[in-house]
Structures are given as structure tokens and as C-alpha cells.
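Colleague: no sequence on hand, only this structure:
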């Protein structure tokens with residue numbers, strides 16, 4: 001190996017190790033810190049589209065935004081669901097129960113039950129997370145800019161309770177070209193029962 005390729009190999013390896021260490025420390029620091037401030041106690045109304053468990057669209061309604069304390073969310077959710085939905089963590093790839101879920105039904109928010117995705121929009125992205133090419137109703141979720149880890153991404157949150165669900169990317173299939181990359185622990189699947 002010549003001197004240049006040896007330096008490139010060492011520099012490249014050191015850069016990769018540094019990036020992994022930085023990401024790990026950043027993730028650990030996120031969990032070690034105290035919970036974020038409690039949500040504003042003022043309730044406001046949001047418009048969502050309700051769906052039956054059979055996937056039938058029930059119509060647009062106005063609902064009070066769901067606000068709970070961190071203690072209340074911790075009582076309701078598993079440790080992993082709390083970390084993802086209330087602290088914006090990410091589950092490990094291929095670790096979620098819903099990654100390869102292929103039954104007919106709908107995916108709801110684990111925190112509030114808001115309908116988020118239909119199984120007909122789910123596809124195998126190969127990323128290790130449940131992926132969808134469109135939401136069941138655009139009103140039921142919202143996006144915001146996420147600059148964590150020094151990368152600009154579009155974070156996806158539940159309109160009704162502000163739960164962090166995952167991120168949306170522009171490398172999905174037709175017809176939208178979008179990939180809603182969600183955390184399994186942020187979702188609950190309701191299978192459509194056949195008569």
C-alpha cells in the first residue's frame with residue numbers, strides 16, 4: 001500500500017469512527033437530559049378526518065388537541081413508545097413489529113388513536129421501518145423541519161397529539177414519490193375484519 005492510500009485509509013476510518021461516536025454521544029445525551037417542558041396547557045382545536053377501524057372515512061371533525069403531562073404519557077406508553085413519540089427518538093431498524101405487516105387495515109397513532117395510514121399505501125422500502133407513500137388524510141399529520149444530527153429532514157407528527165412519528169423523504173414510489181418512514185412503536189395497527 002503506498003503512502004497516499006494508507007493516509008486516505010486511516011483518515012477515512014478515523015472520520016467514520018468519529019461520526020459514529022458523535023451520533024452515539026448525541027443520542028445518549030438526548031436520553032440523559034430531562035424531559036422537555038410540559039406542553040402549553042391552553043387547548044386548541046384542530047381539524048382531522050376520522051376513520052372507522054374498517055378504513056371507512058367518517059368525515060372531517062374538529063377536536064380538542066390532546067395535551068398530557070410527561071407523567072401521564074409515561075403511564076400510558078411503553079418506554080420505547082414514550083422515547084419515540086414524546087422525545088423524538090428513533091427505534092432501531094428491523095426492530096419494530098409493524099415493519100413487515102401486510103394485512104389489510106389502518107395504522108393509528110399509539111398515543112391518541114388518530115388514523116394515520118392505510119395499509120394500501122404501505123410498501124417495502126428496505127429501510128427497516130414501516131414505509132408509506134401517502135397518509136390516510138393529510139389533515140391527520142403535519143410536518144416540520146428537523147435539523148438534529150446536522151441534517152435537514154422533514155419530521156412527521158400527529159396533528160391531534162403532536163406525537164413524533166418519523167420522517168418523510170422524497171425517494172418513495174409513484175404516485176407521490178414520498179416515503180413516510182415511520183417508527184413501529186409510534187403506531188398501532190387495526191386489522192380490517194372481513195364478514
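Modeller: Alright, I've got the coordinates. Everything numeric here is computed off the predicted structure, so don't read it as measured data.

Colleague: mind listing the strands the strand or helix carrying residue 154 pairs with, and their directions?
Modeller: Using DSSP states H and E, residue 154 falls within strand 153-158. With DSSP bridges as the test, strand 153-158 is paired with strand 141-146 (antiparallel), strand 164-169 (antiparallel).

Colleague: figure out which of the ones you listed is closest to residue 109.
Modeller: Nearest to residue 109 among these is strand 164-169 (7.3 Å), distances taken as CB to CB. C-beta: built from backbone N, CA, C; applies to glycine.

Colleague: mean confidence for the closest one?
Modeller: Confidence for strand 164-169, expressed as mean pLDDT, is 97.

Colleague: beyond that strand, next helix or strand please.
Modeller: Using DSSP H and E, the helix or strand that directly follows strand 164-169 along the chain is strand 179-182.

Colleague: contact partners of that next one?
Modeller: Contacts with strand 179-182, where a contact means CB atoms under 8 Å, 6 or more residues apart in numbering, come from 107, 116-117, 125, 127, 129-135, 156, 165-173.

Colleague: so of the strands paired with strand 153-158, which one's packed in deepest?
Modeller: When the strands paired with strand 153-158 are scored by mean count of other CB atoms under 10 Å, the highest mean neighbour count falls to strand 164-169 (a mean of 22).
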